[in-house]
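Trainee: Quick one, fold the following:
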Amino acid sequence: MSSLNKVIVFGAHGKIGQHLIKLFAQKASPYTATAVIRNEEQAKRIAEISQNSSNITTTSLSLSDATAEELSKAIEGHDVVVFTAGSGGKNVIQVDLDGAVKTFEASVLAKTRRYVLISALNADKRNVFSQTAIRDYYIAKHYADRILADEYSDSLDYTILQPGALLDSEATGKIHVFPKSDKGETGAIPRADVADVIYQTIGKKSTYGKTIGFVGGDNDISSALE
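Mentor: I've put the predicted structure just below:
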């Protein structure tokens with residue numbers, strides 16, 4: 001396991017984020033995590049799902065309203081930033097795009113190099129997502145991914161994770177990783193497995209600088225990420 005022990009999670013109250021917090025809350029976890037939430041109700045939910053684990057703390061911030069400088073103060077002292085926040089299609093520019101980019105800037109200011117961004121399968125393929133009903137969401141993801149890869153490759157040890165359609169079914173512990181190509185891919189994956197992919201990606205240097213598209217499959221997560 002890597003020495004990247006202190007993690008801050010943007011989007012901790014989301015469906016993937018809550019699965020991830022549960023993993024960090026396990027007694028055997030080598031990580032401590034700060035869950036970024038918006039209000040007291042969300043803080044109570046984090047306490048509930050983590051069973052008040054000493055591994056988990058919370059901090060209250062608005063991605064839409066906070067400046068990069070304010071976000072950097074929250075990130076300071078952490079080894080890893082995980083961005084799994086999403087607006088649910090309601091505010092994609094301010095959250096999914098600008099919110100993400102502000103955390104890139106903030107991570108550099110805080111001198112926190114490890115960064116894991118949760119995107120969406122085919123977000124790097126405009127010819128594919130231009131035909132979808134959630135085109136604005138994909139456009140936001142597309143440009144957040146591009147900015148991270150093109151402008152921050154020297155200052156951040158990033159990994160962009162692009163899961164397929166998200167399911168609420170039980171975790172399987174298995175995925176399929178797509179080889180890099182220009183054609184659109186399809187498939188789905190439980191949110192619990194996406195959280196496990198994030199968890200296992202954090203300390204894997206082999207994923208640095210990579211964009212990884214994946215869905216549910218037949219390969220153990222750890223070996224599939226090698």
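Trainee: residue ranges of the helices in the protein, please?
Mentor: 15-25, 40-49, 68-75, 98-109, 126-129, 135-151, 191-201, 221-224 (DSSP state H).
Trainee: Quick one: those as CSV, columns for mean pLDDT, distance to residue 118 and mean neighbour count too.
Mentor: All C-beta spots, glycine's among them, are computed from the backbone N, C-alpha and C. Shown next, in CSV, are the helices of the chain (pLDDT from 0 to 100; distance: least, C-beta to C-beta, whole Å; neighbours: other C-beta atoms under 10 Å):
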stretch, mean pLDDT, distance to residue 118, mean neighbour count
helix 15-25, 98, 7, 22
helix 40-49, 97, 18, 15
helix 68-75, 98, 17, 18
helix 98-109, 99, 9, 22
helix 126-129, 87, 16, 15
helix 135-151, 96, 9, 19
helix 191-201, 99, 7, 23
helix 221-224, 96, 15, 15
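Trainee: Quick one: distance of stretch 138-158 to the chain centre.
Mentor: Offset of stretch 138-158 from its chain centre (C-alpha atoms, centre = their mean, to the nearest Å): 13 Å.
Trainee: whoops, I mixed them up, stretch 50-63
Mentor: Here the centre of stretch 50-63 is set off from its chain's centre by 16 Å, with C-alpha atoms, centre = their mean.
Trainee: Could you check what's spatially nearest to residue 208, not counting adjacent residues?
Mentor: Of all residues not flanking residue 208 in the chain, residue 157 sits nearest, at 4.6 Å (C-beta to C-beta, 6 or more residues apart in numbering).
Trainee: how many other residues sit next to that neighbour?
Mentor: 17 (other C-beta atoms under 10 Å).
Trainee: Equivalent analysis for the one 5 residues further on, please.
Mentor: For residue 162, the tally of surrounding residues (other C-beta under 10 Å) stands at 22.
Trainee: From residue 128, how far off is it?
Mentor: Distance of residue 162 to residue 128, computed by C-beta to C-beta, to the nearest Å: 12 Å.
Trainee: Can you check which residues contact both of the two?
Mentor: residue 122 (C-beta atoms under 8 Å, 6 or more residues apart in numbering).
Trainee: With residue 165 as the reference, measure out to residue 114.
Mentor: Counting by C-beta to C-beta, the separation of residue 114 from residue 165 is 27 Å.
Trainee: Sorry, slip of the keys, the one I care about is residue 177.
Mentor: Distance, residue 177 to residue 165, using C-beta to C-beta: 16 Å.
Trainee: Between the two, tell me which one has more neighbours.
Mentor: Shown here are residue 177 and residue 165; by other C-beta under 10 Å, residue 177 has more neighbours (16 against 12).
Trainee: Okay, and the beta partners of the more buried one?
Mentor: Beta-bridge partners of residue 177, counted by DSSP bridges, are residue 214.
Trainee: what's the closest non-adjacent residue to residue 135?
Mentor: Distances taken as C-beta to C-beta, 6+ apart place residue 129 nearest to residue 135, at 6.3 Å, with adjacent residues excluded.
Trainee: which ones are touching that neighbour?
Mentor: 122-123, 135, 138-139, 142.
Trainee: If we use 10 Å, what do you get?
Mentor: 120-123, 135, 137-139, 141-142, 184 (C-beta atoms under 10 Å, 6 or more residues apart in numbering).
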